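K.L.:
The sequence and its predicted three-dimensional model are supplied below.
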Amino acid sequence: MILETIAIILAGVHFGIPLLYYVYLKHAHLNKHWNIRIDESYKPKVTIIVPTYIEAKFIRDKLDNLYSQDYQKSLMEIIVVDSKSNDGTADLVKEWAYKHTDVDLKLLEEPERRGMVPALNYALKNCKINGEIIVFTDVDAFWDADALAKITKYFADPNVGAVTASIIPTTLADNFLEGAYRNYYNQLRIAESKIHSTPVHNGPLVAFRTHLIYKMGRLPSYTGNNDSTPASLIAFMGYRAIQVEDVVVNEPVRQGQFRRKIRRAQHLLLSFLKTKQYAKRMGFYDPNSAKTFERIWKIEWWLHVINPWLLIICVLILTTGAFYASPVTLIFLGIGLLFLVLRPYRTWMLQQFYLVAATIWNLWTPEIMWSK
Ligand code: GDD
Ligand code: MN
């Protein structure tokens, strides 16, 4: 009986905290004003950095997609940093550049592959960056023509340090699940951004104020991501790091989705485990201006680091109970399983599983350089 009570309390906390947080954010903040100076006529120079590794299939479409942005070409600079792809990616970039001389494109070839973040750092170090804003984007992410213009308008406010788009996966098999995942999280991230900042940013389109990236020195390489970690550092510095609702990026659901989900969870988890300490150690942590963000960080930290384990313990208790044919646990386990017909619940459970799997995988390897 004691064990059953514990299991029920664990389940209550596990589902209750995120649910309350979501309801609170949705009602109190999601539709609030930004409290940011947004100026559509603000057109800074932008440097778009695209890391590539074995991307021959997508790279031309990606460059075409950037080329067709409604943004003055003279205000755009593209840097492709390739890490010795053996499928001719770099040659395709050269060919493309030869045909499109009206846009400033540089190709940087890393002498050896060390992973995405090291490649981006290589570009930051070895390339003159002329943009006031740096945008990172993945080769397989495609933007609407007005994405860049819509992103930059938020940087008119000097307090804004990072801006990321919302994500919708393009229609491909099983995108139902993926869609639900993004929808719930998009609302959460946007509402957090309206309060101050969100610690989770999206690699398909994430923009940073250049001088803040240089203040950081380089992208920290302990997580393997180029989005959430630098954005959180910027928020700890006291600048706003926001996800906006009016820019949406399509991302195809690729093969190997499962492993990739775990890898992303690994990166996120490492970001939650290490970024605050890193910010303090490096002198990026401003206790006064980070106060509001700190509250968001604490809840998200809990949701990523601790909360999934409550569910695991609860399931363990219930299954052991069921094994001994305890009727109460059987009922609870049955209800828990029945709920799986509900899509949001299923998505939630999967994400919990990814986070737990990520913790275990991180003990093995942090996935700074992943197989393609
Ligand atoms: N130069 C270089 N070197 N580029 C790389 C390397 C590398 O070793 N590894 C991956 N890339 C490039 C890919 O070519 C792609 O453009 C981008 O980095 C993202 O890699 P994907 O393999 O497509 O992984 P993903 O879609 O799961 O990555 C996402 O998750 C990360 C967070 O964990 C992206 O959204 C990243 O931006 C994000 O940081
Ligand atoms: Mn990708």
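P.N.:
Structure's in. What do you need? Ligands and ions are numbered 1, 2, ... in the order given.

K.L.:
contacts, neighbours, all on C-alpha from now
P.N.:
Fine.

K.L.:
Quick check: buried residues in stretch 338-350?
P.N.:
344, 345, 346, 347, 348 (16 or more other Cα atoms under 10 Å).

K.L.:
What are the buried residues along the helix or strand residue 295 falls within?
P.N.:
Assigning secondary structure by DSSP states H and E places residue 295 in helix 291-301. The neighbour-count check on helix 291-301 (16+ other Cα under 10 Å) flags 292, 293, 294, 296, 297, 300, 301 as buried.

K.L.:
Give the phi and psi angles for the residue nearest to residue 106 when sequence neighbours are not counted, as a check.
P.N.:
Nearest-residue entry for residue 106: residue 79, 4.8 Å, with adjacent residues in sequence omitted and distances by Cα to Cα, 6 or more residues apart in numbering. Dihedral pair for residue 79: phi -120, psi 120, per degrees, to the nearest 10.

K.L.:
Would you quantify the distance from residue 79 to ligand 1?
P.N.:
Going from residue 79 to ligand 1 by Cα to the nearest ligand atom, to the nearest Å gives 11 Å.

K.L.:
ditto for residue 154
P.N.:
Counting by Cα to the nearest ligand atom, the separation of residue 154 from ligand 1 is 21 Å.

K.L.:
Return the per-residue confidence for that residue.
P.N.:
At residue 154, the model reports a pLDDT of 98.

K.L.:
isn't it right up against residue 41?
P.N.:
No. Taking contact to mean Cα atoms under 8 Å, the distance of 10.6 Å between residue 154 and residue 41 leaves them out of contact.

K.L.:
Look at the two and report which has more neighbours.
P.N.:
Neighbour count, other Cα atoms under 10 Å: between residue 154 and residue 41, residue 154 has more, with 23 against 10.

K.L.:
need the buried residues of stretch 338-350 in TSV with pLDDT, can you?
P.N.:
Output for those, formatted as TSV (pLDDT from 0 to 100):
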residue	pLDDT
344	81
345	89
346	87
347	83
348	90
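
K.L.:
Turn those into TSV, columns for secondary structure.
P.N.:
As requested, those are exported to TSV (DSSP: H, G, I helix; E, B strand; the rest coil):
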residue	secondary structure
344	helix
345	helix
346	helix
347	helix
348	helix
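
K.L.:
restrict these to contacts with ligand 1.
P.N.:
Residues of the buried residues of stretch 338-350 in contact with ligand 1 (Cα under 6 Å from any ligand atom): none.

K.L.:
Of those, which is the nearest to residue 280?
P.N.:
Among the buried residues of stretch 338-350, residue 348 lies closest to residue 280 (Cα to Cα), at 32.2 Å.

K.L.:
Let's verify whichever residue of the stretch 251-372 of the chain sits closest to ligand 1: helix, strand, or coil?
P.N.:
Using Cα to the nearest ligand atom, the single residue of the stretch 251-372 of the chain nearest to ligand 1 is residue 264, 3.8 Å away. With three-state DSSP as the basis, residue 264 sits in helix.

K.L.:
Next, count neighbours for it.
P.N.:
The local packing of residue 264 (other Cα under 10 Å) involves 18 other residues.

K.L.:
can you pull the contacts of it?
P.N.:
Going by Cα atoms under 8 Å, 6 or more residues apart in numbering, residue 264 touches no other residue.

K.L.:
One more pass at 10 Å, please.
P.N.:
Remark: with contacts taken as Cα atoms under 10 Å, 6 or more residues apart in numbering, residue 264 is in contact with 223, 224, 225, 270, 354, 355, 358, 367.

K.L.:
swap in residue 51?
P.N.:
79-83, 108, 115-120, 123, 136-139.

K.L.:
Local confidence estimate at it?
P.N.:
Residue 51 is assigned 98 on the pLDDT scale.

K.L.:
can you check the one 10 residues further on too?
P.N.:
According to the predicted model, the pLDDT of residue 61 comes to 96.

K.L.:
re earlier: just the buried residues of stretch 338-350 now: which is nearest residue 229?
P.N.:
residue 348 (22.8 Å).

K.L.:
Any buried residues in the one helix or strand residue 15 maps to, and which?
P.N.:
Assigned by DSSP H and E, residue 15 belongs to helix 2-28. Within helix 2-28, the residues scored as buried using 16+ other Cα under 10 Å are 4, 7, 8, 10, 11, 14, 15, 18, 22, 25, 26.

K.L.:
So residue 212 belongs to a helix, correct?
P.N.:
Yes. Under three-state DSSP, residue 212 sits within a helix.
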